[in-house]
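> Curious how this folds, go ahead:
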Amino acid sequence: MLTRQTYIEGTSALTIPSPIWNAAIYCRLSVEDQSLQESGSIQTQRAMLTDYCQQNGLHIVDYYIDDGVSGSTFKRPAFEQMTADIEARKINTVVGKDLSRFGRNHVEAGMFRDRFFV
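From the prediction side, this is the model:
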């Protein structure tokens, strides 16, 4: 278990467990987005998000990738698997390029965020 030391004046060291962030990396590229530059590609999203997790001490549990699937629906295979893994408590953090990767409808994407993480 990861721990960090906290010192309280006049006492001995107290070991407090650090939170363990079990992360899902979510990547999506819709058919409409496939004409974008390299920065919008699945490979680039995956590399960028992997680097972010490694630099910030997040444990990557799995990659959830919906390639060529529109963000206008939440009925996407990888998204549904990720949701099931959140409910099963396999992951407690989701990392994505931006909110539009979760869905084009920002209200529904916000509801997803509120349902699982707030």
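> From now on I want contacts and neighbour counts done on CA atoms only, so please keep to that.
Fine.
> Dihedrals phi and psi, His59?
Here is the backbone geometry of His59 (degrees, to the nearest 10): phi -80, psi 120.
> from memory it sits against Ile25, does it?
No: between His59 and Ile25 no contact is recorded; they are 10.2 Å apart, counting by C-alpha atoms under 8 Å.
> out of those two, which sits in the more crowded spot?
The residue with the greater number of neighbours, taking His59 and Ile25 and applying other C-alpha atoms under 10 Å, is Ile25; the counts read 21 against 16.
> Quick check: that one is in a strand.
Yes: note on Ile25: a strand contains this position according to DSSP: H, G, I helix; E, B strand; the rest coil.
> which residues does it bridge with?
Under the criterion DSSP bridges, Ile25 forms beta bridges with Tyr63, Val95.
> okay, now Arg89: neighbour count?
The burial metric for Arg89, expressed as a neighbour count using other C-alpha under 10 Å, is 10.
> contacting residues around it?
For Arg89, the set of contacting residues under the criterion of C-alpha atoms under 8 Å, 6 or more residues apart in numbering is empty.
> Would you double-check that it falls in a helix?
No: the assignment for Arg89 is coil, going by three-state DSSP, so no helix is present there.
> what's it sitting at in phi/psi?
In this entry, Arg89 is assigned phi and psi values of phi 60, psi 30 (degrees, to the nearest 10).
> wait, is Gln45 part of a helix?
Yes: under the criterion used here (three-state DSSP), Gln45 sits inside a helix.
> where in this protein is pLDDT low?
Flagging of the chain using pLDDT under 70 yields the residue ranges 1-18, 31-40, 117-118.
> ranges for the helices of it?
Using DSSP state H, the helices found in the chain span residues 42-55, 77-87, 99-102, 106-117.
> Indicate which one of these is closest to Ser30.
Counting by C-alpha to C-alpha, Ser30 lies closest to helix 99-102 out of those; the figure is 9.0 Å.
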